[in-house]
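Novice: build me a model from this:
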Amino acid sequence: MNILVTGANGQLGNEMRLVSKSSKEDCYIFSDVVASDGTETTILDITKIDNIRSLVKERDIKCIVNCAAYTDVDKAESNVELCERLNADAPNNLAIAMKEVDGLLIHVSTDYVFGGAPYNTPCKEEQKGTPTGVYGKTKLHGEENIIASGVNHIILRTAWLYSEFGKNFVKTMLNLTATKPVLKVVFDQCGTPTYAGDLAELIYDVVERRKYEGKTGIYHFSNEGVCSWFDFTKMIAQFAGNDNCDIQPCHSDEFSSSVTRPAYSVLDKTKVKETFHVRIPYWTDSLKMCMANMEAVKKLTK
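Specialist: Modelled structure (predicted):
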């Protein structure tokens, strides 16, 4: 089967490049709006449905894994139209293209579809979306468009994604805890960090083993456990040996932001574990693995 991975230059897309190398039967085609040095990238603008249709027909694509999105939560507030186009209209285009060939769309969504209600237990798939900002609203619109299209789909909501690739919270905190004597980090926002490599492994397993058959729907996936951004930072610094930074907890309102972030967006993963028979790593174990991979890459590039 020919599988198209969109947003291939991002964190999850790059992890998909890695895991797909072990495929013996399927052919993975990686696309983005620009090329990436050292990788084979098909140029594709997913906001243009005719371009998608042409590539689907040309390469006989039967499955699309959509890793593309507008993810800058703060800038989304002043870029509503672009955010809607990338997070809602583009997934709709992909859904239509796959529906026309009776294919499968695997779409990555976010915990930010929640946040407007005072949750204190892990969010389940069937809970009503209550996004607090443009990013979450447009991602929810994308989910709704996919479902309305009637395409065979799997929507995977994830949270606090990080990896060896691109810019992310782990890399930022590695730098700050190594260079700042004092650092304040919010402790009143709780969720679960997710290593993009683990999410890529799940997607790969579902596709390669054809576990998706008859399993259309929304699923939650993050690493196991719960923490605040403060706890996350403390663990990053501990694993890195950055002991000289005094990391202090603070409230969200001590930082100026154009959007209210979810105070509690822990995802209940019962459904994905029972449906696809997967064991999900604890967040600190995956963080340690990712940081070890980062260190290995650093040594190779010296």
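
Novice: and the longest helix for the chain?
Specialist: In the chain, assigned by DSSP state H, the helix with the most residues is helix 283-300.

Novice: show me what that one is packed against.
Specialist: helix 169-179, strand 194-195, helix 196-208, helix 229-240 (3 or more C-beta pairs under 8 Å, 6 or more residues apart in numbering; DSSP states H and E). Bear in mind the C-beta positions are built from the backbone N, C-alpha and C, glycine included.

Novice: adding mean pLDDT, distance to Lys48 and mean neighbour count, write these out as CSV.
Specialist: Output for those, formatted as CSV (pLDDT from 0 to 100; distance: least, C-beta to C-beta, whole Å; neighbours: other C-beta atoms under 10 Å):
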stretch, mean pLDDT, distance to Lys48, mean neighbour count
helix 169-179, 97, 32, 17
strand 194-195, 98, 30, 26
helix 196-208, 97, 25, 22
helix 229-240, 98, 37, 20
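
Novice: out of those, which comes closest to Ile29?
Specialist: helix 196-208 (13.1 Å; C-beta to C-beta).

Novice: next one: that closest one to chain centre, how far?
Specialist: Computed by C-alpha atoms, centre = their mean, to the nearest Å, the separation of helix 196-208 from the middle of its chain amounts to 12 Å.

Novice: cool, stretch 43-62 as well?
Specialist: 22 Å.

Novice: and what of stretch 203-213?
Specialist: 18 Å.

Novice: check stretch 205-225 too.
Specialist: That offset, for stretch 205-225, works out to 14 Å (C-alpha atoms, centre = their mean).

Novice: likewise stretch 284-294?
Specialist: 17 Å.

Novice: cool, and stretch 154-166?
Specialist: Between the centre of stretch 154-166 and the centre of its chain there are 2 Å (C-alpha atoms, centre = their mean).

Novice: then stretch 111-126?
Specialist: With C-alpha atoms, centre = their mean, you get 17 Å for stretch 111-126.
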